[in-house]
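> from the sequence below, what's the structure:
(chains A and B)
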Amino acid sequence: METVFAVLVGIFFASGIYLMLSRRTVRILLGIVILSNGVNLLIFTAGRLTVAVPPVIPQHLPTPENIVANPLPQALILTAIVISFSLFAFLLVLSYRAFQDLGTDDVDEMRDAEPAERRLPPMEY
Amino acid sequence: MAGPSYSVDLAQAMVVDTYTPLEWLAVAPVALPMAAGALCLMFRSRGDLAARITVLTLGLLVLLNVGLVHTVVQQGTLIMAMGNWLPPFGIVFAIDILGAVLALTTSVVGLIGAIYASGDIDIGRRRFGFYTFYLLLITGVSGAFLTGDIFNLYVWFEVLLIASFGLIILGGERAQLDGAVKYGVLNLLATTLFLVAVGYLYGLVGTLNMADIALAVPQLPAAAPIGVVTALFIVAFSMKAAAFPLNFWLPASYHTPRIVVAAIFAGLLTKVGAYSLMRIVVMLLPETRDLLADVILWVAVLTMLVGAFGALAQGEVRRLLGFVVISGIGNIFVGVAVGSSEALAGSIFYAVHSIIVMFGLYLAAGAVERIAGTSSLHTASGLYRLEPALATLFLVLAFAVSGLPPFSGFWPKVMLVQATIGAGLGWVAAAILVTGFLTTIAMGRVWLLVFWRDAVNGAPLRSQATPDASRASWMVPIALVVVIVAGIGLMPDGLMQASLASAQSLLDPQAYVNSVLGEGGN
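Below is the predicted model of the structure:
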């Protein structure tokens, strides 16, 4: 089962990286989303996929009776999902605003923060 | 899973004592600015009140952090287990000397920045929550320095990342949008890579507590792909720290926001990456660090040189300083690559020095911009006549960043050069010295052109009336930074010993592990 998931994570990563190689901000952002979902799946798989009962301890016992499922990856993934979702939302708004203000979604043409074309330092003083 | 097994001691787990003042002290660098940030959000329509809250909070935080450093030096690593979930199960803050010293540096820089911000941040930016973002940035950076849990480190990375997004975009100018897109995407990618590495490491050792990982990693079977995990960590943190060849986002974005924001970014954010590299790769994964030491060494040398040459090629002070930041990161990486306690101590010392000096240089560049109306080396000129005091302060900072005595940059370079020669790496020592030389030229060029040169055509002789009130708001912070820089340069003993102790604790984490997991911690 882990093998299948590993391949799946690989496909997620490959698609994410492919999209991020694009020059269009929307594609880059979609690549980031796919990548971060791949990471969530990766953490889930790293916690081992077992067929086991939920990790609930009976009231009269100090520890679980049998082997239970690993609850930690779910807590980690939940955190990661919330964080990556909020950052994605921010970047989406940012790139839309950048598209409105800069008039392009091509990162090669976003050159407002780059220095104006002048001759290099020693010449122009 | 190859983790160690634990015996359940229920009596210990059932303790519900209230926290001691020391434990509150351990969590204060995070709790205090976070609470104050929330408060500033409530008062954001009253910018002056938020400014006062911020300065007061950070002033208090400096005092608390002095106490924290004192406590850690006296008593060893300080532990705070969140919700009494004892390690290795719950999230702990584990504060050793390295974390405490860096947290103190953070709060000092934060306080000075908050004072500077009172003259730099206009009412509009205050209304949009400048002070909240600022305090949350301090929260995230402090949390990253103090936590003893690797997933929690990721969370603090994200806290400081989202706060930095808010700060870099505040004002919404075209150049800021452009810079923020590049900064945002690449930093989010770096943090995601870090999360990938955490996921793999968790899959291998089955624990997230750093002390526990330090115990579990040597017991891994030989076939475990720990080298891949280490490489991923190195890539992620190099990207965060803006090490060559992953440095291009920094000069593309750091010059766009308000100068105090650029200053706090340049001081702190890259150093969080460098700190994490030390904490995780040096302390937790020492054997695979040895395998990759040559790679890190080349990265370090190239980063130093690329930064220095990049600084020489710039025609604008802010962008030039971005490259000087990168060059400093190279120096810090040298210690990580060499890996002896002397070299690491040099790196730690350099990190503290670099936080303060780069922060001060950006503030000084902001003052230059204010007076000259530009930070372009083509037109800014003749400032010595207008502001001889600023010219002197700038010169001190330029000396310090170049590593000239008697200022703070000299000692870490001495330590690094000694350590590299001691390790038989004379060419690395040469690279450090050449970098220092090139940085001297670059900074000297700035000083000559901006301050010493007579006012060139088109340069404002006296820009439209800089009011006296705002003059104090930049002069006092820059002077404070210079006092610290000179103080460290003249009395380096304390920081040098703290760096050595930190380096030894990174290389031999047994005491750290014992403090976190209890004496029989294995």
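> what does residue B:376 show for phi and psi?
phi -80, psi 130 (degrees, to the nearest 10).
> surely it and residue B:318 touch.
No - judged on C-beta atoms under 8 Å, residue B:376 makes no contact with residue B:318 at a distance of 9.6 Å. Using the backbone N, CA and C atoms, a C-beta is placed for each residue, glycine as well.
> what are the boundaries of the helices in the stretch 51-200 of chain B?
Listed in chain order, the helices of the stretch 51-200 of chain B (DSSP state H, counting those that start in this stretch) span B:97-120, B:123-127, B:130-146, B:150-169, B:174-205.
> so where's the chain uncertain?
No chain specified, so I'll use chain A. A:116-125 (pLDDT under 70).
> try chain B instead
Ranges of chain B meeting pLDDT under 70: B:1-16, B:457-469, B:519-522.
> is the longest helix anywhere in chain A anywhere near chain B?
The residue-count maximum for a helix in chain A (DSSP state H) belongs to helix A:72-102. Yes - using C-beta under 8 Å from any C-beta of the partner chain, helix A:72-102 comes into contact with chain B via A:72-73, A:76, A:79-80, A:83-84, A:86-87, A:90-91, A:94-95, A:97-98, A:101-102.
> what about stretch B:235-252, start to end distance?
For stretch B:235-252, the first-to-last residue distance is 20 Å (C-alpha to C-alpha, to the nearest Å).
> same check on stretch B:75-85?
Stretch B:75-85: ends 22 Å apart by C-alpha to C-alpha.
> same question for stretch B:334-347.
From start residue to end residue, stretch B:334-347 stretches across 7 Å - C-alpha to C-alpha.
> got it, and stretch B:71-89?
Stretch B:71-89: ends 25 Å apart by C-alpha to C-alpha.
> next one: it to chain centre, how far?
23 Å (C-alpha atoms, centre = their mean, to the nearest Å).
> contacts only, for whichever residue of chain B sits closest to chain A.
Closest residue of chain B to chain A, C-beta to the nearest C-beta: residue B:203 (3.0 Å). Residue B:203 makes contact with A:45, A:46, A:47, A:48, according to C-beta atoms under 8 Å, 6 or more residues apart in numbering or on different chains.
> got a list of contacts for stretch A:36-45?
With C-beta under 8 Å, 6+ apart as the test, stretch A:36-45 has contacts from A:2, A:5-6, A:8-9, A:12-13, A:16, A:73-74, A:76-77, A:80-81, A:84, A:88, B:192, B:195-196, B:198-200, B:202-203.
> repeat the analysis, applying 7 Å as the threshold.
By C-beta atoms under 7 Å, 6 or more residues apart in numbering or on different chains, the residues outside stretch A:36-45 that reach it are A:2, A:5-6, A:8-9, A:12-13, A:16, A:73, A:76-77, A:80-81, A:84, B:192, B:195-196, B:199, B:202.
> what of stretch B:363-370?
B:116, B:120, B:259-260, B:263, B:317-318, B:321, B:375, B:380, B:383, B:390, B:393-394, B:397, B:450, B:466, B:474, B:477-478, B:481.
> list buried residues within the contacts of residue B:203.
A:45, A:46, A:47 (16 or more other C-beta atoms under 10 Å in any protein chain shown).
> what is the nearest of these to chain B?
residue A:46 (3.0 Å).
> residues from the stretch 401-522 of chain B in reach of chain A?
residue B:449 (C-beta under 7 Å from any C-beta of the partner chain).
> buried sites along whatever helix or strand residue B:432 lives in?
Element membership of residue B:432, judged by DSSP states H and E, is helix B:426-447. If you call a residue buried by 16+ other C-beta under 10 Å, then helix B:426-447 has these buried ones: B:428-429, B:431-432, B:435-436, B:438-440, B:442-443, B:445-447.
> determine the set of other helices and strands touching that helix.
helix B:286-313, helix B:317-338, helix B:388-402, helix B:410-422 (3 or more C-beta pairs under 7 Å, 6 or more residues apart in numbering or on different chains; DSSP states H and E).
> point out the most buried one among those.
helix B:317-338 (a mean of 27; mean count of other C-beta atoms under 10 Å in any protein chain shown).
> quick revisit: only the buried subset of the contacts of stretch A:36-45, as a PyMOL command please.
To isolate the buried ones among the contacts of stretch A:36-45 in PyMOL, judged by 16+ other C-beta under 10 Å, type:
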select buried, (chain A and resi 9+12+13+16+73+76+77+80+84) or (chain B and resi 192+195+196+199+202)
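> helices along chain A, start to end?
A:2-20, A:25-46, A:72-102.
> which of these sits most buried?
Buried most deeply of the helices of chain A, by mean count of other C-beta under 10 Å, is helix A:25-46, with a mean of 21.
> now it, how far from the centre of its chain.
With C-alpha atoms, centre = their mean, you get 4 Å for helix A:25-46.
> next: stretch B:416-433.
24 Å.
> and stretch B:366-373, by the same measure?
25 Å.
> swap in stretch B:220-235?
26 Å.
> any bit of it sitting next to chain A?
No - under the criterion of C-beta under 7 Å from any C-beta, stretch B:220-235 makes no contact with chain A; the nearest approach is 10.7 Å.
> ok, residue 110 - contacts?
Using chain A here. Under the criterion of C-beta under 7 Å, 6+ apart, the neighbours of residue A:110 are A:98, A:102, A:104, B:178, B:181.
> my bad, the chain I had in mind was chain B
Residue B:110 neighbours (C-beta under 7 Å, 6+ apart): B:58, B:138.
> and it, how far from residue B:33?
As judged by C-beta to C-beta, to the nearest Å, residue B:110 and residue B:33 stand 8 Å apart.
> do the same with residue B:71
19 Å.
> for residue 113, give me its contacts.
Using chain A. So residue A:113 contacts B:175, B:178, B:179, B:252, B:253, B:256 (C-beta under 7 Å, 6+ apart).
> looking at chain B here, not the other one
Applying C-beta under 7 Å, 6+ apart, the residues near residue B:113 are B:260, B:263, B:264.
> do that again at 8 Å, thanks
Here residue B:113 is in contact with B:134, B:260, B:263, B:264, B:359, B:363, B:477 (C-beta under 8 Å, 6+ apart).
> tell me which parts of the stretch 151-300 of chain B are close to chain A?
B:151, B:154-155, B:158, B:161-162, B:165, B:169, B:172, B:174-182, B:184-185, B:188-189, B:192, B:195-196, B:198-200, B:202-203, B:208, B:252-253, B:255-256.
> please pick the buried ones from those.
Listed as buried from those are B:151, B:154-155, B:158, B:161-162, B:165, B:169, B:175-182, B:184-185, B:188-189, B:192, B:195-196, B:198-200, B:202-203, B:208, B:252-253, B:255-256; burial here means 16+ other C-beta under 10 Å.
> more neighbours: residue B:71 and residue B:33, which one.
residue B:33 (29 against 16; other C-beta atoms under 10 Å in any protein chain shown).
> I figured residue A:52 hits residue A:67, correct?
Yes - Residue A:52 is in contact with residue A:67 according to C-beta under 8 Å; the separation is 5.2 Å.
> ok, how many other residues are close to residue B:22?
Neighbour tally, residue B:22, other C-beta under 10 Å: 14.
> which element, helix or strand, includes it?
helix B:21-42.
> so for chain A, the centremost residue is which one?
The centre of chain A sits closest to residue A:36, judged by C-alpha atoms, centre = their mean, with a distance of 2.1 Å.
> from residue A:62, how far out is that one?
Distance from residue A:36 to residue A:62, by C-beta to C-beta: 38 Å.
> ditto for residue B:156
33 Å.
> more neighbours: which of these two?
Each of residue B:156 and residue A:62 has its neighbours counted (other C-beta under 10 Å); residue B:156 has more, 22 against 10.
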